[in-house]
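> Just the structure for this:
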Amino acid sequence: MTDPDGPQSAFDDVLDPRRRPSVVSGPGFRVSGARHGRGRRDLGISRLVSGVGIAAAVAVMSATSLSAYAAYDVGHGFQQRAVDVGSGAASTEGAFNVLAIGADNDPSQGTAYGDRGATLNDSNVLLHVSADHTHAVAISFPRDLVLDQPACSGAPAVQDTPLNQAYGRGGMDCVVSTIEHATGMDVPYAAQVSFAGVIRMSDAVGGVPVCVTDAVDDPYTGLQLAAGEHTVSGKTALAFLRDRHGVGDGSDLSRISSLQQFLSSLLRKVKHEGTLGDPAKLYGLAKAASQNITLSTSLAKPSTMVDIARAFEGIDLGDITFVQYPGSVDDPAFPGKVVPDRATADRLIRAVRADRPFSLDAGATGRGATEEAPAVGTDAPAAAPAPSERTATAPRAPSTPSATPREMSGVTGQTAAQKTCAVAAGG
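Just a heads-up that it's a prediction; the model follows:
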């Protein structure tokens, strides 16, 4: 779908300083005019916080050093692929939610990674941005999580169905509806990336640093890594994210720990290396995103992407927390599936919806991750995390600036500031 006023007028609003005087502030890719007065900060990390490169396009559209044609080229690609989801009003004023979906067997990629007969939403990450735009929580939902799924897109409601079947019932809209039903949260924005998209975007960013505690040799995904630290890109990056047999206990819950390590490392790289400060790399990343990511119609407008980037202006790495939706793989009634831990999940969702601060138990990095340094294979020992990085802690709630974060026992995850390693199976 396209903007009703035409795609070029949408880009004019972003690029013309007479129409949006507070957005562009020069070739350093900084966005001024934040509502909360926390000063000018590097917006690099915010533009990739969804894990799917949405804001890489924002950076292109906001940069005076790139041509209007480049901005139009990228944005037009997003708009051509956009699809409708949900029915609620979309706004970035106050708290808002974005759902990032990793699609297995996306129709556009053919059978390059095997023919499973249907497209599956194997990665589902709900990003919640607080009402005052000072912190964010990203909730990973296991693909095998057994849920009741509502009627959507002409498909009838179903009960006790794995989450990754939602896409096959009605596309992105059904995934959004299922997450809304499970959390009671409105999800006005969504983005879907394919296997090919992960490959091309990891290449465009120059690879992502990851580490494993021991050697991994997984014939299912083809992942082969020696113990230690590696910068992965292309098919290796995809294999790292898909790998479940080579990490932790071989469950989907262990694989989520690898995803959280990958996204956290990506955010740190973007911030520390200034990846989005290089116009050529920036355009390449945004172009790859526009060709391989499907956005909801609500998110595909350049002005909306810019507004989301501005909302992240004051968010630090330590204030972006990745958590896993609580569940268990030990229920004999659903062998091989993940059954929700209702009590713990309800506590988590209530805290996220209310923007209440919480901290995770020390060492609660999940089944497939650890903060310990790799055993061998690095040129130098991994640096110990700073004290502020050791425990994943959500920042203070806006209404209670002196509040002490409550411990969210039973929930695993990490902040984007934490450095973790994947635990090799049997390691």
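> quick check, Ala131 in a helix?
No: counting by DSSP: H, G, I helix; E, B strand; the rest coil, Ala131 is not part of a helix but coil.
> Helix, strand, or coil at the nearest residue to Asp331 once chain neighbours are set aside?
Nearest non-adjacent residue to Asp331, counting by Cβ to Cβ, 6 or more residues apart in numbering: Val339, 4.2 Å away. C-beta here means a position set from N, CA and C on the backbone, and glycine is covered the same way. Put simply, Val339 is strand when judged by three-state DSSP.
> so where's the chain shaky on pLDDT?
Applying pLDDT under 70 to the chain flags residues 1-71, 87-88, 106-116, 274-282, 309, 312-313, 375-405, 427.
> got the contact list for the closest residue to Ala364 other than its chain neighbours?
Nearest non-adjacent residue to Ala364, counting by Cβ to Cβ, 6+ apart: Thr412, 4.8 Å away. Applying Cβ atoms under 8 Å, 6 or more residues apart in numbering, we find Thr412 in contact with 257, 323-324, 360, 364-367.
> can we see that at 10 Å?
Contacts for Thr412 were tallied using Cβ atoms under 10 Å, 6 or more residues apart in numbering; they are 140, 253, 256-257, 260, 322-324, 326, 360-361, 363-369, 392.
> Buried subset of those residues as a ChimeraX selection?
Buried residues within the contacts of Thr412, by 16 or more other Cβ atoms under 10 Å, are selected in ChimeraX with:
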select :140,253,256,257,260,322,323,324,326,360,364,365,366,367,368,369,392
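> got the contact list for Ala157?
148-151, 169, 177, 181.
> repeat that with 6 Å
150-151 (Cβ atoms under 6 Å, 6 or more residues apart in numbering).
> Same question for the one 10 residues further on.
By Cβ under 6 Å, 6+ apart, the residues touching Tyr167 are 119, 121, 175.
> Tell me how far Cys421 lies from Lys287.
For Cys421, the distance to Lys287 equals 32 Å [Cβ to Cβ, to the nearest Å].
> neighbour-wise, which of these two wins?
Cys421 (28 against 20; other Cβ atoms under 10 Å).
> so what's that one up against?
Cys421 touches 211, 213, 370, 374, counting by Cβ under 6 Å, 6+ apart.
> any chance you could read off phi and psi for the residue nearest to Ala364?
When read as degrees, to the nearest 10, the backbone of Thr412 gives phi -110, psi 160.
> do the same with Ala182
According to degrees, to the nearest 10, Ala182 has phi -70, psi -30.
> okay, now it: neighbour count?
Neighbour count for Ala182, taken as other Cβ under 10 Å: 21.
> Now for it: which residues touch it?
Shown in contact with Ala182 (Cβ under 6 Å, 6+ apart): Leu147.
> Name the surrounding residues that touch the helix with the most length in the chain.
Scanning the chain for the longest helix, with DSSP state H as the assignment, gives helix 252-273. Helix 252-273 has contacts (Cβ under 6 Å, 6+ apart) with 44-45, 48, 51, 140, 142-144, 208-209, 241, 244, 247-248, 276, 322, 324, 366-369, 414, 416, 420, 422.
> that older thread, tabulate the contacts of Tyr167 (TSV), appending distance to Asp73 and secondary structure.
Formatted as TSV, the contacts of Tyr167 follow (distance: Cβ to Cβ, whole Å; DSSP: H, G, I helix; E, B strand; the rest coil):
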residue	distance to Asp73	secondary structure
Thr119	27	coil
Asn121	28	strand
Val175	28	helix
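> Closest to Ile308 out of those?
Ranked by distance to Ile308 (Cβ to Cβ), these are led by Val175 at 19.5 Å.
> burial count for the closest one?
29.
> One more: Gly222?
13.
> next one: the one 3 residues further on
By the measure other Cβ under 10 Å, the count of residues near Leu225 is 24.
> Over to Gly426?
With other Cβ under 10 Å as criterion, Gly426 counts 10.
> So it, which state does it fall into?
coil.
> what's it in contact with, if anything?
Contacts of Gly426 (Cβ under 6 Å, 6+ apart): none.
> follow-up on the earlier one: out of the contacts of Thr412, which are inside strands?
140, 322-324, 369 (DSSP state E).
> And the closest residue to Gly284 other than its chain neighbours, how close does it get to Ser123?
For Gly284, ignoring the flanking residues on the chain, the nearest one in space by Cβ to Cβ, 6+ apart is Ala204 at 4.6 Å. From Ala204 across to Ser123, the span is 19 Å (Cβ to Cβ).
> Ile199 now?
With Cβ to Cβ as the criterion, Ile199 and Ser123 are 15 Å apart.
> just Ala364 next, same as before
For Ala364, the distance to Ser123 - Cβ to Cβ - is 21 Å.
> again, but for Tyr220
Using Cβ to Cβ, we find Tyr220 at a distance of 17 Å from Ser123.
> For Val158, which non-adjacent residue is closest in space?
Gln149 (5.0 Å).
> and the one you found, how many neighbours?
Residues near Gln149, counting by other Cβ under 10 Å: 25.
> For it, give its distance to Ala182.
Gln149 is 9 Å from Ala182, by Cβ to Cβ.
> Tell me the first helix or strand C-terminal of the longest helix of the chain.
helix 279-292 (DSSP states H and E).
> Tell me what angle that following helix forms with helix 252-273.
150 degrees (axes from the mean of the first three to the mean of the last three Cα atoms, to 10 degrees).
> How far does helix 279-292 sit from its chain's centre?
17 Å (Cα atoms, centre = their mean, to the nearest Å).
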